[in-house]
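Chemist: below is the sequence, then the predicted model.
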Amino acid sequence: MNRPDLASAIRRLDYYIRGVAAEIVPHAYFARRLQHLRQDLDRLSADPELLARVDYCNKLTVGELHPIDAERQPTPWDGSRYYYDFMETRRFFDPSLRCRVLFGDVRHIPDQPTIVKSRPIDGDNRNSILLKLDRLRHFKLHDDPYAFEEKQPLAVWRGNVQTLPWRQRLVERHYDNPRCDVGPAPQAYGRFAAKPYLSPIDQMRYRYILSIEGNDVATNLKWIMASNSLCLMPRPRFETWFLEGRLIAGTHYVELRPDYEDLDEKIDHYEKNPAEAKALVANANAYVRQFLDHRQEKLVQLLVLEKYFKSTGQLP
């Protein structure tokens with residue numbers, strides 16, 4: 001086991017130990033902690049920027065009744081990482097409060113207010129309430145050891161393409177492109193052989209990293225935007241706690257056509273205008289920083305879930 005694998009294993013072990021240990025702590029302990037946090041919650045509620053973030057994750061209107069059917073309590077067997085992430089916020093509130101939860105890659109909008117990891121960006125998505133779920137996979141960031149100028153002036157991408165036509169288009173169009181290192185991994189796709197695995201740090205050797213959605217969002221988007229490389233991608237269709245729907249093309253990332261026909265053109269432009277590229281990278285880094293304050297993240301999630309209980313008529 002190499003050092004990155006060992007570090008990941010230790011991180012996962014610590015995550016599950018903490019999650020299991022919290023299960024045996026009485027609710028009264030978390031109820032008291034919630035009261036101690038009330039002043040901080042009130043302060044966040046008075047911050048227009050953070051309040052806008054809460055209202056973006058939970059678009060239900062307090063004062064309007066949004067009824068929900070009774071739902072059984074989720075268990076670790078429904079998806080342990082989702083469960084422990086959900087319970088990290090849920091256990092602060094009265095266990096008798098009802099909450100609809102849908103784990104996994106959610107691509108549709110539920111018919112009742114439901115806690116989800118992901119939702120469609122377009123349309124009326126009020127019934128999809130975002131919490132920071134599956135964070136062990138989606139919010140794993142890495143320190144970039146390379147300055148933008150030191151990186152190879154190429155675009156890179158690796159990923160599974162088997163059932164995803166939008167990823168297949170990328171491989172078909174740019175597998176043999178000398179301006180790119182693009183390929184399927186870990187499995188081959190048709191005549192396109194699988195390319196060697198590249199870790200996030202390996203991919204950071206390139207100036208341009210492609211972020212292509214999978215079943216819902218692109219898992220690599222967060223660490224790309226935290227790096228010194230420039231993120232290139234089509235306009236996102238789904239969003240998570242990372243609020244992909246708030247990203248602005250030409251400010252936080254470079255937008256590509258869905259057929260990727262303009263990839264060479266985009267690379268040429270930013271090779272000729274490196275200052276523009278570095279400005280976008282700086283904006284992306286600044287966007288990521290709002291998710292790095294762990295205490296603030298906890299408080300925002302508490303406000304999102306508290307608003308859920310109020311909007312469904314369960315809290316005054």
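Modeler: Nice, thanks for sending it over.
Chemist: ok, the closest residue to residue 110 other than its chain neighbours to residue 291 distance?
Modeler: Nearest residue to residue 110, sequence neighbours excluded (Cβ to Cβ, 6 or more residues apart in numbering): residue 127, at 4.9 Å. Quick note: C-beta positions are derived from backbone N, CA and C, even for glycine. According to Cβ to Cβ, to the nearest Å, residue 127 and residue 291 sit 24 Å apart.
Chemist: just the CA trace of the strand ranked longest in the chain, in CSV.
Modeler: In terms of residue count, the longest strand belonging to the chain (DSSP state E) is strand 152-159. Written as CSV, here are the backbone C-alpha positions of strand 152-159 (Å, rounded to 0.1, in the frame of the first residue of the first chain):
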residue,chain,number,x,y,z
GLN,A,152,2.3,20.8,-19.3
PRO,A,153,0.2,22.8,-21.8
LEU,A,154,-2.2,20.0,-22.4
ALA,A,155,-5.7,18.9,-21.3
VAL,A,156,-6.2,15.7,-19.3
TRP,A,157,-9.1,13.5,-18.4
ARG,A,158,-9.6,10.0,-17.1
GLY,A,159,-12.9,8.3,-16.3
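Chemist: residue boundaries of the strands in the stretch 1-150 of the chain?
Modeler: Using DSSP state E, counting those that start in this stretch, the strands found in the stretch 1-150 of the chain span residues 101-102, 114-116, 119-120, 128-130.
Chemist: can you tell me the helix or strand for the nearest residue to residue 244 once chain neighbours are set aside?
Modeler: Closest residue to residue 244 apart from its sequence neighbours, by Cβ to Cβ, 6+ apart: residue 236 at 4.3 Å. Residue 236 belongs to no helix or strand when elements are defined using DSSP states H and E.
Chemist: tell me the pLDDT of the residue of the chain most remote from its centre.
Modeler: Centroid-distance maximum for the chain: residue 191 at 32.0 Å, with Cα atoms, centre = their mean. You'll see residue 191 listed with a pLDDT of 95.
Chemist: mind checking how far it is from residue 184?
Modeler: 11 Å.
Chemist: residue 284 too?
Modeler: 26 Å.
Chemist: for residue 192, same thing?
Modeler: 6 Å.
Chemist: overlap in contacts, these two.
Modeler: Taking Cβ atoms under 8 Å, 6 or more residues apart in numbering as the criterion, residue 192 and residue 184 both touch residue 171.
Chemist: what about these two, which has more around it?
Modeler: residue 184 (23 against 16; other Cβ atoms under 10 Å).
Chemist: just to revisit the earlier point, need the strands of the stretch 1-150 of the chain in JSON lines with mean neighbour count and distance to residue 160, can you?
Modeler: Output for the strands of the stretch 1-150 of the chain, formatted as JSON lines (neighbours: other Cβ atoms under 10 Å; distance: least, Cβ to Cβ, whole Å):
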{"stretch": "strand 101-102", "mean neighbour count": "20", "distance to residue 160": "23"}
{"stretch": "strand 114-116", "mean neighbour count": "23", "distance to residue 160": "22"}
{"stretch": "strand 119-120", "mean neighbour count": "22", "distance to residue 160": "21"}
{"stretch": "strand 128-130", "mean neighbour count": "24", "distance to residue 160": "24"}
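Chemist: follow-up on the earlier one: residues contacting the residue farthest from the centre of the chain?
Modeler: No residues are in contact with residue 191 under the rule Cβ under 8 Å, 6+ apart.
Chemist: I figured residue 37 hits residue 302, correct?
Modeler: Yes: contact status for residue 37 versus residue 302: in contact at 7.0 Å, counting by Cβ atoms under 8 Å.
Chemist: compare these two (neighbour count), which wins?
Modeler: Comparing residue 37 with residue 302 by other Cβ under 10 Å, the one with more neighbours is residue 302, at 22 against 16.
Chemist: my guess is the more buried one contacts residue 40. True?
Modeler: No: the criterion here is Cβ under 8 Å, and residue 302 misses it with residue 40 at 9.3 Å.
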